[in-house]
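Enquirer: What follows is a predicted structure for the sequence shown.
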Amino acid sequence: MRRCRSPASATATHAHCCWTTCTAPIDAAVCEQLLAESHGNPLALLELPRTWNTEELAGGFGIPARQPVVSKIERSYAKRLAVLPAVTQTLVLTAAAEPLGDPLLLQRAAEVIGLDPTALGAAMDAGLLDASGRIEFVHPLVRSAAYDAATDDDRQRVHRALAEATDPEKDADRRAWHRARGTHQPDEEIASELERSAGRAEARGGMVAAAAFLDRATALTPEPVRRARRALAAAEAKQLAGAPQAASRLLVVAKDAALDEREAALAERLRGRVAFGLRRGGEAVPRLLDAARRLEVIDPALARETYLEALQAATISGRFGGEMLRRTADAARQAPPAQRPPRAIDLLLDGLATRYTVGYAASVSTLQLALRAVGDEGNSGDQHPRWPWYARRVALDLLDDETGRALATRSVQLARNRGALGVLPLALGALATMHTIEGSFDAAQGVLDESDAVDDAIGEARIGSGRLALAGLRGDESLLSRLAEAAEAEATTRGEGAVLTYTEHSRAILYNGLGRYESALPAAASASSRDELGASVRSLPELVEAATRCGHIDVAVDALERLTERTQATGTEWALGLEARSRALVSFGGETEELYLEAIDRLSGCRVAPERARAHLLYGEWLRRANRRIDARQQLRTAHDTLADIGMAAFADRARRELAATGEKVRRHRPESRDELTAQEAQIAQLARDGSSNPEIAAQLFLSPRTVEWHLRKVFGKLGISSRRELDAALPEADTAQAVASR
């Protein structure tokens with residue numbers, strides 16, 4: 001259970017509170033109040049999501065609505081509240097409507113209503129709250145029970161009183177929120193005030209709060225066209241905040257009013273985005289294409305951005321939407337020409353449109369320019385929360401590990417800072433993929449856990465492709481089978497063919513590791529025959545390995561030719577290393593050894609430790625079959641130790657068996673004590689090893705300093721050390737530490 005940052009490490013008005021185990025900006029005082037009311041009891045915090053979700057919490061401003069299923073705990077509190085005197089119930093309701101817990105604010109609001117604040121004593125005597133300092137409910141569900149039990153008139157009355165009692169200079173946003181909750185009548189003055197509050201909230205990273213402000217502003221706007229425009233802005237914010245259903249509702253409001261051509265096109269674009277966010281690609285693509293065509297005359301630059309979004313949505317369909325992808329790519333190629341100089345997004349659009357109409361090699365130079373331009377923009381500090389759009393997958397497709405890592409890391413940071421829960425899971429998925437490619441499996445696991453927590457908090461379906469890759473590389477056939485079965489069923493229902501390719505790619509790796517090449521062959525053949533960004537090109541080396549081991553040299557040679565077309569075009573060390581390793585498998589004579597040495601050399605110059613270890617393994621296997629046992633042992637030992645340390649158990653066992661065949665006895669790898677660390681303990685240990693203090697670690701991982709200290713004590717015990725100075729020797733994998741620290 002993650003806790004929020006302490007106020008000292010938060011921004012002036014917001015912290016990152018994780019009571020639902022997702023990282024989203026929330027008012028620091030409200031975050032502290034929630035934790036205080038839980039009294040350190042994780043079960044109390046776990047009960048909260050049954051009543052509150054991220055949308056209703058509204059960044060610390062919102063009050064939960066009644067839920068269809070009310071917990072037994074909440075019902076028991078409602079009964080205890082009902083027997084209190086009427087004046088006490090109203091005071092409790094006032095305290096529930098304002099989660100700051102400020103006793104002076106409550107007193108001023110009580111005076112506005114005309115209540116005696118001392119009547120709150122009856123609630124204290126009943127054991128429902130404590131008013132000896134800050135107003136603290138004994139359980140967060142007392143707050144929701146009090147608010148749910150009240151009538152609308154009573155709620156509006158206390159909100160109006162709280163607005164009047166709130167200082168308009170020191171807390172204008174909270175005052176605006178209470179004013180808005182205190183009326184159901186249209187009021188342009190209040191709506192404008194909420195719109196200004198939304199701008200301030202978004203600027204400080206409170207996307208959920210900004211969406212709530214704009215939503216309420218829409219409801220209070222009397223003039224139809226202005227209401228429609230605010231509804232569009234609110235829908236955009238809701239979609240970014242991870243509330244696509246609420247965004248859909250607001251788009252209906254916008255549709256009811258007369259919009260100009262540009263606004264109508266933007267509304268259609270947003271409908272496409274919402275459909276894509278809800279994983280309805282078949283609906284998203286035509287909407288995005290329609291919006292792009294309508295924007296061509298009105299705003300050509302925006303039209304090009306929309307074509308890129310349509311392409312992104314179309315690629316998810318994969319094998320289920322080949323014709324749709326071709327039509328989308330053709331339309332993108334006919335888009336209005338880019339401005340001069342072209343933006344990064346223009347280069348991405350041109351490169352991808354070329355890739356899907358002309359071919360991979362023809363698109364590489366433009367896409368590499370696009371990646372450089374995207375990287376340059378990433379340093380400006382003023383990106384949209386959706387940045388870097390499609391570029392993360394493009395970097396993987398071009399086998400560019402450095403750019404892939406940089407873009408994934410920056411996009412996660414950006415989504416977190418902006419509170420954009422709607423795009424954060426995709427960014428986390430990209431970062432998890434990079435950790436996996438680098439062989440930092442614990443770091444990948446931690447990032448995927450966070451992604452799942454965010455998806456759960458916003459009510460979205462989880463993205464499962466990252467766990468497929470991990471299971472395949474770890475050689476866990478049972479886990480991969482379970483994950484693949486669920487993923488394939490869901491992907492088929494949703495028409496997401498790309499997921500099927502990721503599943504096949506993971507199976508090919510798994511079976512190559514297990515030495516079951518006859519099973520790896522069809523999986524690799526299918527995955528590599530598709531045109532999925534990232535997965536298909538990386539499936540070609542798997543196909544070469546499986547085909548050569550099965551004696552299908554013609555299949556291996558054909559796969560090598562397709563791989564070479566791509567690797568020669570990209571020219572990265574990762575690409576050329578994979579090519580050399582694959583070429584060695586189908587070569588003969590002295591050239592084979594040179595190719596293996598080239599592969600090891602090139603792969604040593606990039607982040608892909610698993611691929612480098614596999615090059616050592618294949619080289620060692622070749623040396624053993626050439627009866628060069630001593631040379632083979634050196635390569636196989638390196639492969640075995642690296643693969644075992646990374647956690648690639650199947651490949652490590654393959655190396656162990658080869659070593660045994662050379663006459664060298666090797667015990668099965670027994671994980672060292674650092675492998676006994678949980679994912680969170682590993683993150684904390686690695687950050688501490690890199691010099692971060694406990695408060696700094698707490699701020700980065702959204703924990704309390706005390707929790708960090710507790711975890712470090714457990715780490716020291718497991719590693720058999722007594723100080724931070726010893727962490728460097730106990731955790732030697734610098735790449736893993738950097739991977740975790742980048743989060």
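Expert: Arrived safely. Numbers count the residues shown, from 1 in each chain.

Enquirer: Sketch out the low-pLDDT regions of the stretch 301-450 of the chain for me.
Expert: Counting by pLDDT under 70, the stretch 301-450 of the chain has low-confidence residues at 381.

Enquirer: can you map out the strands along it?
Expert: Read by DSSP state E, counting those that start in this stretch, the stretch 301-450 of the chain holds no strands at all.

Enquirer: List of residues touching stretch 276-288?
Expert: Taking contacts as Cβ atoms under 8 Å, 6 or more residues apart in numbering, the residues outside stretch 276-288 that touch it are 239, 244, 268-269, 271-273, 275, 306-307, 309-310, 312-314, 316-317, 321, 324, 328, 422, 460-461, 494-496. Every C-beta, even on glycine, is put in place using the N, C-alpha and C of the backbone.

Enquirer: Give the buried subset of those residues as a PyMOL selection command.
Expert: Those of the contacts of stretch 276-288 that meet the burial criterion (16 or more other Cβ atoms under 10 Å) are gathered into one PyMOL selection, given here:
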select buried, resi 239+244+268+269+271+272+273+275+306+307+309+310+312+313+314+316+317+321+324+328+422+460+494+495+496
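
Enquirer: Which parts of the protein are strands?
Expert: Assigned by DSSP state E, the strands in the chain fall at 14-17, 24-27, 129-130, 136-137.

Enquirer: how's the protein carved up into domains?
Expert: For the chain, the structural domains run 571-670, 676-741, going by automatic domain parsing.

Enquirer: Could you count how many residues lie near residue 569?
Expert: Burial of residue 569 is recorded as 18 neighbouring residues (other Cβ atoms under 10 Å).

Enquirer: for residue 113, same thing?
Expert: Burial measure for residue 113: 17 neighbouring residues, criterion other Cβ under 10 Å.

Enquirer: Pull the contacting residues for it.
Expert: The contact partners of residue 113, by Cβ under 8 Å, 6+ apart, come to 90, 94, 157, 158, 161.

Enquirer: which residue is nearest the middle of the chain?
Expert: What sits nearest the mean C-alpha location of the chain, by Cα atoms, centre = their mean, is residue 425, with 2.2 Å.

Enquirer: can you pull the contacts of the residue nearest to residue 108 when sequence neighbours are not counted?
Expert: In space, not counting the residues next to it along the chain, residue 108 is nearest to residue 165; the distance is 3.7 Å by Cβ to Cβ, 6 or more residues apart in numbering. When the contact criterion is Cβ under 8 Å, 6+ apart, the partners of residue 165 are 105, 108, 109, 111, 112.

Enquirer: Then residue 727?
Expert: Contacts for residue 727 were tallied using Cβ under 8 Å, 6+ apart; they are 685, 688, 689, 719, 721.

Enquirer: Against residue 683, how distant is it?
Expert: Distance of residue 727 to residue 683, given as Cβ to Cβ, to the nearest Å: 13 Å.

Enquirer: re earlier: nearest to residue 205, out of the domains of the chain?
Expert: Shortest distance between residue 205 and the domains of the chain, using Cβ to Cβ, is found for domain 676-741: 13.4 Å.

Enquirer: pLDDT on the closest one, on average?
Expert: The predicted model assigns domain 676-741 a mean pLDDT of 69.

Enquirer: can you list the weak-confidence ranges in the stretch 1-150 of the chain?
Expert: 1-72.

Enquirer: What are the boundaries of the helices in it?
Expert: In order along the chain, the stretch 1-150 of the chain carries the following helices (DSSP state H, counting those that start in this stretch): 28-38, 42-47, 54-57, 72-82, 86-97, 103-113, 121-125, 140-149.

Enquirer: likewise the stretch 301-450 of the chain?
Expert: Secondary structure of the stretch 301-450 of the chain by DSSP H, counting those that start in this stretch: the helices cover 322-333, 344-357, 360-378, 391-397, 401-418, 424-438, 441-458.

Enquirer: residues near residue 104, how many?
Expert: Number of residues near residue 104 (other Cβ under 10 Å) recorded here: 8.

Enquirer: The one 3 residues further on now?
Expert: Counted by other Cβ under 10 Å, the residues lying close to residue 107 total 15.

Enquirer: these two touch, right, it and residue 119?
Expert: No - taking contacts as Cβ atoms under 8 Å, residue 107 lies outside contact range of residue 119: 11.8 Å.

Enquirer: re the thing from before, show me the one of the domains of the chain that comes nearest residue 229.
Expert: domain 676-741 (35.5 Å).

Enquirer: Any idea which of the domains of the chain gets closest to residue 435?
Expert: Smallest distance to residue 435 across the domains of the chain (Cβ to Cβ): 5.2 Å, for domain 676-741.
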